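**Q** Sequence isn't available, so here's the structure alone:
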């Protein structure tokens with residue numbers, strides 16, 4: 001399991017191991033240098049301490065320590081071997097005047113030679129002896145370092161475990177939360193490194209709580225709004241059943257059809273609102289022309305406009321490019337146009353406009369209907385709010401528009417459109433950010 005504690009421990013232990021290994025290596029090299037210098041000094045002193053003449057049967061003291069093991073040899077001026085401390089292995093005469101390293105029968109020797117009192121004296125020592133002495137001294141000297149490293153590892157285990165206790169406490173505190181209990185975490189008593197995490201979690205809990213509360217309100221409002229059309233449908237069905245003549249039955253069926261259309265429209269709007277309130281869309285943003293979007297929307301609403309004798313037109317003299325989701329923007333425009341046609345009196349006008357204004361791409365729907373009261377303007381984008389007194393519409397259109405605009409980083413504003421005939425009118429403006437220039441698509 002790849003946890004923070006294990007990663008931290010692994011990193012610290014690796015650093016400790018590298019430091020101990022580096023210290024051991026430096027100690028070994030330093031000791032090897034000192035052992036070699038001391039052994040070389042002993043070889044030179046051994047030659048200096050020899051007598052001027054070699055007598056038969058002369059022997060050197062037996063070595064007491066491994067570092068005292070050496071081979072001493074002496075040759076006269078004719079090259080005849082006069083003395084050797086060990087017959088085997090035989091080391092040849094190298095005629096040195098100082099130190100050198102030679103290899104004899106696969107073994108490396110440190111050799112010192114010097115001419116003294118008409119003799120060539122040579123003393124040699126195996127380098128393996130020096131390496132063994134160095135290793136032994138290193139082990140004796142490094143034992144405290146190894147013990148200190150083990151103590152340091154145990155201390156690191158304890159410190160890391162203690163240092164990560166707040167993480168365990170934070171995990172338990174978050175695990176205690178549920179959709180029913182989204183109380184914020186206590187911001188006090190945490191290490192300074194965890195305080196930003198606690199603040200972020202509290203913000204997330206608050207946002208999650210607001211989302212759940214909004215969903216509960218949405219479900220309650222949706223249930224309330226669906227109850228009314230369902231009750232009306234039930235009454236219309238009863239009227240059809242009670243009709244005694246074909247004329248009464250036909251009239252009742254017409255009313256039933258209208259109620260079914262309204263219920264279907266409400267369900268469709270609820271689905272759209274639920275989709276766009278999720279805050280994301282599966283489609284990718286593409287470059288599109290708002291002017292072309294307006295022109296394509298007119299045929300879709302021509303039947304409703306003609307039935308109410310409303311003049312539906314487009315004012316878009318040039319292409320207006322934005323980055324957006326075409327399907328979402330069609331839903332936005334359809335809701336704006338549908339609202340304008342529903343609330344504009346017969347014989348009125350509805351104008352669709354697209355243009356660049358003050359560094360923004362603007363989509364505007366303008367009508368000369370009755371408008372809305374000033375006190376109702378602030379609530380136009382609330383779910384299920386209806387500015388009119390009739391039962392036409394379901395109060396979700398502008399809420400859907402607001403959510404789609406937010407997804408596109410666009411702003412929505414509502415203004416009045418006063419006319420000379422006394423009508424207040426309404427103007428809904430959506431301002432999109434202008435996309436970065438990358439050539440005309």
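**A** Thanks, I have it. Because the structure is predicted, anything quoted here is derived from the model rather than measured.
**Q** The nearest residue in space to residue 50 that is not next to it in sequence in helix, strand or coil?
**A** Spatial nearest neighbour of residue 50, chain neighbours left out: residue 121 (6.3 Å); criterion: C-beta to C-beta, 6 or more residues apart in numbering. (Glycine included, C-beta is placed from N, CA and C.) Classification of residue 121 by DSSP: H, G, I helix; E, B strand; the rest coil places it in strand.
**Q** correct me, but residue 121 touches residue 73?
**A** Yes: counting by C-beta atoms under 8 Å, residue 121 touches residue 73, with 7.4 Å between them.
**Q** Now do the strands for the stretch 251-400 of the chain: every range, in order, please.
**A** For the stretch 251-400 of the chain, the strands defined by DSSP state E, counting those that start in this stretch cover 286-289, 311-315, 321-324, 349-357, 360-367.
**Q** Show me what the last one pairs with in its sheet, parallel or antiparallel.
**A** Listed by DSSP bridges, the sheet partners of strand 360-367 and their directions read strand 349-357 (antiparallel), strand 426-433 (antiparallel).
**Q** Turn the ones you listed into TSV, columns for mean neighbour count, mean pLDDT and distance to residue 324.
**A** Below are those laid out as TSV (neighbours: other C-beta atoms under 10 Å; pLDDT from 0 to 100; distance: least, C-beta to C-beta, whole Å):
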stretch	mean neighbour count	mean pLDDT	distance to residue 324
strand 349-357	19	93	13
strand 426-433	20	92	7
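**Q** now these as a markdown table including distance to residue 252?
**A** Converted to a markdown table, the strands paired with strand 360-367 look like this (distance: least, C-beta to C-beta, whole Å):
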| stretch | distance to residue 252 |
| --- | --- |
| strand 349-357 | 33 |
| strand 426-433 | 35 |
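**Q** Can you check which of those strands gets nearest to residue 164?
**A** Between residue 164 and the strands paired with strand 360-367, the tightest spacing by C-beta to C-beta is seen for strand 426-433, at 44.8 Å.
**Q** And residue 80, its phi and psi?
**A** phi -90, psi 130 (degrees, to the nearest 10).
**Q** give me the number of residues near it?
**A** Other residues lying near residue 80 total 8 when counted by other C-beta atoms under 10 Å.
**Q** Next: residue 148.
**A** 13.
**Q** State the helix or strand in which it lies.
**A** Per DSSP states H and E, residue 148 falls inside helix 127-163.
**Q** How far away from the center of its chain is the following helix or strand past that helix?
**A** Once the chain leaves helix 127-163, the next helix or strand it forms, by DSSP H and E, is helix 165-175. In this view, helix 165-175 has its centroid 21 Å away from the chain centroid, taken as C-alpha atoms, centre = their mean, to the nearest Å.
**Q** now the angle between helix 127-163 and helix 165-175, please.
**A** 40 degrees (axes from the mean of the first three to the mean of the last three C-alpha atoms, to 10 degrees).
**Q** I'd like to check what contacts helix 165-175. Which residues are they?
**A** 4-5, 185-186, 190-191, 194, 197-198, 201 (C-beta atoms under 8 Å, 6 or more residues apart in numbering).
**Q** can you tell me which two in those residues are farthest apart?
**A** Among the contacts of helix 165-175, 5 and 186 lie farthest apart (C-beta to C-beta), at 23.1 Å.
**Q** The protein - how does it break down into domains?
**A** Per automatic domain parsing, the domain ranges recorded for the chain read 4-159, 195-275, 286-433.
**Q** Tell me the span between the first and last residue of the longest one.
**A** Same thing as domain 4-159. Terminal residues of domain 4-159 are spaced 14 Å apart (C-alpha to C-alpha, to the nearest Å).
**Q** tell me what the helix or strand harbouring residue 22 is packed against?
**A** For residue 22, the element it lies in under DSSP H and E is helix 4-48. Other helices and strands packing on helix 4-48, by 3 or more C-beta pairs under 8 Å, 6 or more residues apart in numbering; DSSP states H and E, are strand 107-116, strand 119-126, helix 127-163.
**Q** right, so of the strands paired with strand 360-367, which gets closest to residue 156?
**A** It's strand 426-433; of those, that one is closest to residue 156 (C-beta to C-beta) at 52.7 Å.
**Q** Contacts for that closest one next, please.
**A** Contacts for strand 426-433 (C-beta under 8 Å, 6+ apart): 290, 322, 324, 332, 336, 339-340, 343, 357, 360-367, 369, 371-372, 398, 401, 405, 408-417.
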